[in-house]
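**Q** Could you work out the structure for the sequence below:
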Amino acid sequence: MMRSLLRIFFHLLYHPLAFTYDLVAATVSLGRWKDWVKSVIPFIEGNRILEIGHGPGHLQRFLLSRGLFAVGIDESAPMGRLAKHNLTQHSVSASKPKANYSSLTKPIQQIAYTQIRLARGIAQHLPFPEGFFDTLVATFPTEYIYDPATLTEAYRVLSPGGRLVILPGATILGRGLMDRLMALLFRITGQTPPNLSEIIHERSKEPFGKAGFKVRTHELDIRSSQVFILVATKTTN
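**A** You can find the predicted model right below:
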């Protein structure tokens, strides 16, 4: 019952209620959300980065501000419009990539005077060339990230030795009243069970291994919370 309600909630949040996403995320994380998202940056390698499920575009802004060739893809049209608005409002302008990526522009929405690149699509069918990206990244993805079709596509578009960086969840550890209330809410809804680290490790073993990835998990302490990062490296024979 709870899972069904959560699916409905997330569908509404990602589609007709996308404009409330930042407010909801900031509220449930007690202002930690953007810090959690930024925690994946040290694990990103290379210059060509694909964000799967770009949401409102905050990670895109962080990547572009570093002069990286960043691309975002999301299934939700409202999220695409929200990300475009947010990035344009922040006047994102990255350094011009040295390499010629003109072959990649067809499936990507270009915004004038910036290096913003957004596409609408799903992780199971990525409209990008084989071996093009150095890193794929997804923050707080839903179940689609464990879909064998998603992992097959991720492996295909990654360069040899490239990595898929996933932030599957976070746990609030603070002892304040609001911290404890939100931590309890997360546990009740199943978003952060007590053994989340073990669940992530066990769930990633078989599907990622079959897809050709070697997986390592990391735990980071951020503002009285614990963030879990999964790094899946593309192995080569």
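**Q** middle-most residue in this protein, spatially?
**A** Nearest to the geometric centre of the chain sits A138, at 2.1 Å (CA atoms, centre = their mean).
**Q** Mind telling me what element it is part of?
**A** A138 belongs to strand 133-139 when assigned by DSSP states H and E.
**Q** Just give the nearest non-adjacent residue to the residue nearest to the centre of the chain, would you?
**A** For A138, ignoring the flanking residues on the chain, the nearest one in space by CB to CB, 6 or more residues apart in numbering is I52 at 4.4 Å. For every residue, glycine as well, the C-beta is placed using N, CA and C.
**Q** Next: R120.
**A** G80 (5.4 Å).
**Q** Sketch out the strands for the chain, chain order is fine.
**A** With strands called from DSSP state E, the chain shows them at 48-52, 69-74, 109-110, 117-120, 133-139, 158-172, 213-221, 225-234.
**Q** L230 bridge partners, please.
**A** On the basis of DSSP bridges, L230 is bridged to I166, T217.
**Q** Quickly, which of the strands of the chain bottoms out on average pLDDT?
**A** Of all the strands of the chain, the minimum mean pLDDT falls on strand 109-110 (a mean of 40).
**Q** Pull out the buried residues from stretch 15-26.
**A** Across stretch 15-26, burial judged by 16 or more other CB atoms under 10 Å covers 18, 21-22, 25.
**Q** Next: stretch 24-43.
**A** 25, 29-30, 32-34, 36-37, 39-40, 43.
**Q** and that stretch, average pLDDT?
**A** Mean predicted lDDT for stretch 24-43 stands at 87.
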